[in-house]
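Enquirer: build me a structure from this.
(chains A and B)
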Amino acid sequence: GDSVTQMEGPVTLSEEAFLTINCTYTATGYPSLFWYVQYPGEGLQLLLKATKADDKGSNKGFEATYRKETTSFHLEKGSVQVSDSAVYFCALSSGNTGKLIFGQGTTLQVKP
Amino acid sequence: DTEVTQTPKHLVMGMTNKKSLKCEQHMGHRAMYWYKQKAKKPPELMFVYSYEKLSINESVPSRFSPECPNSSLLNLHLHALQPEDSALYLCASSQDWASTDTQYFGPGTRLTVL
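Expert: As a prediction, the model looks like this:
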């Protein structure tokens, strides 16, 4: 079945460091790919998405490119801030079922 | 406006109680979802409603009973829960249920079963 694998955390960075969170997927069809962020005590917020190969999603300085050849959707940010500290979930949706399949989540902690 | 609201924010209930969680969206979305999230885990899908009809039940125990009274509202009725049902319950909605549609999540209800 379809699945998503994320790098394990926690990831601890200093402010202004470069961020990469790896995400790879397995899917039989042509999935859409998403990154969601969850701040402590809150629900999930969409960070960015891509719906076809080679699409780049971007938002708030975060970027991810849908790479079909490597089945990856890695999240990057050039300069992280303390306010980026949160849990990041990679997810895919395929077929018209409405099902989102999540990775295990990666906790990011940014220190001043 | 991409807001999904959920009430209550927190709920504590005994194993013999009956309670309900409420979710509301006014974005004209036709698909609505209930998820359960345990600490440090990703959300797990429970139910999907499409055009006010239950389309997916992920083998959820019958002590959880969903209801969609209209296109903007989604309820989750709780009865005879167990302590292991304590979790964050998230509601989400999307325009439709195509794979390209974004799901927008509410802030969740933090449920504690004593």
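
Enquirer: use CA for all of it now, contacts and neighbours both
Expert: Will do.

Enquirer: not counting sequence-adjacent ones, nearest residue to residue 51?
Expert: Picked chain A for this. Nearest residue to residue A:51, sequence neighbours excluded (CA to CA, 6 or more residues apart in numbering or on different chains): residue A:32, at 4.3 Å.

Enquirer: let me rephrase: I mean chain B.
Expert: For residue B:51, ignoring the flanking residues on the chain, the nearest one in space by CA to CA, 6+ apart is residue B:30 at 5.1 Å.

Enquirer: what pLDDT does that neighbour get?
Expert: In this model, residue B:30 is scored at 94, pLDDT.

Enquirer: could you find the closest non-adjacent residue to the spatially most central residue of chain B?
Expert: When chain B is reduced to its mean C-alpha position, the closest residue under CA atoms, centre = their mean turns out to be residue B:34, at 2.9 Å. Closest residue to residue B:34 apart from its sequence neighbours, by CA to CA, 6+ apart: residue B:91 at 4.7 Å.

Enquirer: am I right that the one you found falls within a strand?
Expert: Yes: counting by DSSP: H, G, I helix; E, B strand; the rest coil, residue B:91 is found in a strand.

Enquirer: for residue 7, grab the count of nearby residues.
Expert: You didn't say which chain, so I picked chain A. 17 (other CA atoms under 10 Å in any protein chain shown).

Enquirer: ah, no, chain B please
Expert: Residue B:7: 17 neighbours (other CA under 10 Å).

Enquirer: is it true that it touches residue B:107?
Expert: No: the criterion here is CA atoms under 8 Å, and residue B:7 misses it with residue B:107 at 9.2 Å.

Enquirer: between these two, which contacts overlap?
Expert: Residues touching both residue B:7 and residue B:107 (CA atoms under 8 Å, 6 or more residues apart in numbering or on different chains): none.

Enquirer: report the contact partners of the residue lying closest to residue A:89 once chain neighbours are set aside.
Expert: Distances taken as CA to CA, 6+ apart put residue A:105 closest to residue A:89, at 4.5 Å, once the chain neighbours are dropped. The contact partners of residue A:105, taken as CA under 8 Å, 6+ apart, are A:6, A:8-9, A:87-90, B:40-42.

Enquirer: what about the strands in chain A?
Expert: Ranges of strands within chain A are A:3-6, A:11-14, A:19-21, A:23-26, A:32-38, A:44-50, A:56-59, A:62-65, A:75-77, A:86-93, A:101-102, A:106-111, based on DSSP state E.

Enquirer: adding distance to residue B:95 and mean pLDDT, write the ones you listed out as JSON lines.
Expert: Formatted as JSON lines, the strands of chain A follow (distance: least, CA to CA, whole Å; pLDDT from 0 to 100):
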{"stretch": "strand A:3-6", "distance to residue B:95": "24", "mean pLDDT": "96"}
{"stretch": "strand A:11-14", "distance to residue B:95": "34", "mean pLDDT": "97"}
{"stretch": "strand A:19-21", "distance to residue B:95": "28", "mean pLDDT": "97"}
{"stretch": "strand A:23-26", "distance to residue B:95": "24", "mean pLDDT": "96"}
{"stretch": "strand A:32-38", "distance to residue B:95": "15", "mean pLDDT": "97"}
{"stretch": "strand A:44-50", "distance to residue B:95": "14", "mean pLDDT": "96"}
{"stretch": "strand A:56-59", "distance to residue B:95": "19", "mean pLDDT": "97"}
{"stretch": "strand A:62-65", "distance to residue B:95": "23", "mean pLDDT": "98"}
{"stretch": "strand A:75-77", "distance to residue B:95": "25", "mean pLDDT": "98"}
{"stretch": "strand A:86-93", "distance to residue B:95": "14", "mean pLDDT": "96"}
{"stretch": "strand A:101-102", "distance to residue B:95": "18", "mean pLDDT": "94"}
{"stretch": "strand A:106-111", "distance to residue B:95": "28", "mean pLDDT": "97"}
